[in-house]
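In: Give the three-dimensional model of this entry:
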Amino acid sequence: MTTITETPPAPLSARLRVPGAFVLGAVLLLGVAPLALSDFRLSLLAKYLCYAIVAVGVSLAWGRGGLMVLGQGVFFGLGGYAMAMHLKLADAAATGETLPDFMQLYGTGDALPWWWRPFADPAFALAMTVLLPMAVAALLGFFVFQRRVRGAYFAILSQALAAALSIWLIGQQATTGGTNGLTDMQGFFGYSLDDPVNQRMVYFVIAAVLLLMMAGARQLFVSRYGELLVAVRDSEERVRFLGYNPANVKLVAYVLAAGMAGLAGALFVPAVGIISPALIGIVPSIGFVIGAAVGGRASLVGAVLGAIAVAWAQSTLSDAFPAAWTYLQGLLFVLAVGFLPGGLASLGVVLRRRRTRTPAIGGTA
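Out: Prediction:
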């Protein structure tokens, strides 16, 4: 008779590892950072955390699903412009104007463009920061995944979409601000962004959203859907043979990552005060992926820390070496993908494997 043995429960330390790391991150972001950093440094950290929110989506779509999402700048920009449009309309209404300042400067007439008008409603604008990127991703992903486009072809399509959106925004100077984008936002839902206290409030909102996105992504990772997403990444044909549609599985990850990027773009606007085509084109889209790749795309914590580190390096090194930063950014991506595919998060595992192999080789000599 065959006896069935139950799997012993995991040790208490292993079960508390993830909640403990989450609590530690919350303490560092919500407690230590506001006390230790100046207002300027805290505003920079808020900007970096917006990039980290994008990295959470990249970790889901690329790290777990194997989708090379090189067009996240599109969704980041859609969310950012949706938020900026509402803030510009709110600023204009506060001064008794019907048109944003840049439209008055460029002389577009007295009528607000029809597609601007719904964004005067704060509820509509907030919804669009997430729903609009997700709708675009759903439309694109449906046709791409149903036709089984993958790998480099999917990456090229993503880059083409980012380039097309950037070019369109530049060409619509009268209604989108052109190359300058939408700048100089004064208020954020009734609060003045010139007040350092309100800027700190924006930081706390961004940090809380990042923690929530990480918690939600973590639940997806360990759920049945997360296991199915990994199975699609590793053996798509086998998953199809088992009765699942891999296109639908990948589409969900792609749409969720787009929603996270859109939300990050919306939070980026009050944190930095600008959204422009320069922030959403091909180069920024690659930058989002580089951060996740350097930290470790399969690890949520690694992707987040990598995004923050790369964003910090860009702010620091691009000022000192403006011409060389783009090449350094590309070199980081090549090194991460070619020599350390798991990113810095996998460095400990790689070193442990090498240590265990060395004694075995020496013992057989």
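
In: All the helices of the stretch 1-150 of the chain, residue numbers only.
Out: 12-15, 17-27, 33-36, 39-58, 72-94, 101-106, 122-146 (DSSP state H, counting those that start in this stretch).

In: Next up, the contacts around L228.
Out: Listed by CB atoms under 8 Å, 6 or more residues apart in numbering, the contact set of L228 reads V239, Y244, V249. The C-beta positions use only the backbone N, C-alpha and C, and glycine is treated the same way.

In: Excluding chain neighbours, give the residue nearest to M185 in space.
Out: L87 (4.4 Å; CB to CB, 6 or more residues apart in numbering).

In: Same check on V252?
Out: Y225 (7.2 Å).

In: ditto for G295
Out: Nearest to G295 is G306, by CB to CB, 6+ apart, at 1.9 Å.

In: which is the next helix or strand following the helix or strand containing that neighbour?
Out: Assessed by DSSP states H and E, G306 sits inside helix 300-320. For helix 300-320, the succeeding helix or strand toward the C-terminus, using DSSP H and E, is helix 325-339.

In: Not counting its own residues, what contacts that following helix?
Out: Under CB under 8 Å, 6+ apart, the answer for helix 325-339 is 283, 286-287, 289-290, 293-294, 310, 314, 317-318, 321, 343.

In: Filter these down to the buried ones.
Out: Buried members of the contacts of helix 325-339, counted by 16 or more other CB atoms under 10 Å: I286, G287, V289, I290, A293, V294, V310, Q314, G343.

In: List just the nearest of those residues to V144.
Out: Nearest to V144 among the buried ones among the contacts of helix 325-339, counting by CB to CB, is V289 at 17.3 Å.

In: show me what contacts that closest one?
Out: By CB under 8 Å, 6+ apart, the neighbours of V289 are V58, W62, M68, V69, L70, Q72, F333.

In: quick revisit: in the helix holding G306, what counts as buried?
Out: In helix 300-320, counting by 16+ other CB under 10 Å, buried: 300-311, 313-314.

In: again, but for stretch 140-158
Out: L140, G141, V144, F145, R150, F154, A155, L157, S158.

In: Please report the distance of the second one from L256.
Out: This means G141. Distance, G141 to L256, by CB to CB, to the nearest Å: 11 Å.

In: by contact count, what packs against the host helix or strand of L267?
Out: Take DSSP H and E as the rule and L267 turns out to sit in helix 246-272. If contacts are counted by 3 or more CB pairs under 8 Å, 6 or more residues apart in numbering; DSSP states H and E, helix 246-272 sits against helix 39-58, helix 72-94, helix 122-146, helix 196-222, helix 224-234, helix 236-241, strand 274-275.
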